[in-house]
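In: Could you look at this predicted model? Sequence included:
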Amino acid sequence: MIAAIATPAIASAQAPWRQVYRDSDVRVLFDTASARLSSPGTWTTVTSWDYNRPRVLENKKSYTRLVQRVQLRCSPVRVKRVRSTVYGANNVMVRDEGEVDARDQAAMAWDRPRSSTAAANAFNSICGVVTRKARPGAAVAPKPAASKSAASASNR
């Protein structure tokens, strides 16, 4: 019982933004505090992609940071990008795409990140983090009590 109470305090002591990938072009940070299990096997995650060289949008505006909210499935890795905001110099917002409506999200296809890309590496790493987070005992959950009642019900 004491270990179950102490576990959340230890978990919350970690920094919420965690680097999950880095190469010569991009650094990807994952907001661990905002990760939510939205349905069985599907996580809502927020990432920040910080580029070393400016990227250019179709409207010719440049940006160096992309912040995305993504629906993420981990087995196999698939994503639905549901919100994107890009920032330029001095963290000035260049464009906010807004949140994709929930009905439209349901109709969106699950994209597979191309293998050996920053996206594939970053989302694979994030899947490792969220699946560890979801393991029994990783956080306080009412499951042990439900398991006991299910076990006692099956013994009757």
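Out: Thanks, I have it. Numbering: from 1, shown residues only.

In: where does the protein have low pLDDT?
Out: Within the chain, the segments meeting pLDDT under 70 span 1-15, 134-156.

In: which residues of it fall in strands?
Out: Along the chain, counting by DSSP state E, strands occupy 17-22, 26-31, 36-39, 42-56, 62-74, 77-87, 93-96.

In: want to try TSV for those strands, with distance to residue 116 and mean neighbour count as columns?
Out: No exception for glycine: its C-beta is placed from N, CA and C like everyone else's. Output for those, formatted as TSV (distance: least, CB to CB, whole Å; neighbours: other CB atoms under 10 Å):
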stretch	distance to residue 116	mean neighbour count
strand 17-22	12	17
strand 26-31	14	20
strand 36-39	28	11
strand 42-56	17	16
strand 62-74	18	19
strand 77-87	13	18
strand 93-96	28	14
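
In: contacting residues around the nearest residue to residue 69 once chain neighbours are set aside?
Out: Nearest residue to residue 69, sequence neighbours excluded (CB to CB, 6 or more residues apart in numbering): residue 83, at 3.9 Å. Listed by CB atoms under 8 Å, 6 or more residues apart in numbering, the contact partners of residue 83 are 68-69, 97-100.

In: Can you give me the separation between residue 83 and residue 28?
Out: 16 Å (CB to CB, to the nearest Å).

In: With residue 16 instead?
Out: Using CB to CB, one gets 15 Å for the distance from residue 16 to residue 28.

In: who's in contact with the most centrally placed residue in the chain?
Out: Central residue of the chain (CA atoms, centre = their mean): residue 45, 2.4 Å from the mean position. Applying CB under 8 Å, 6+ apart to residue 45 gives the contacts 30-31, 34-35, 69-70, 72, 126, 130.
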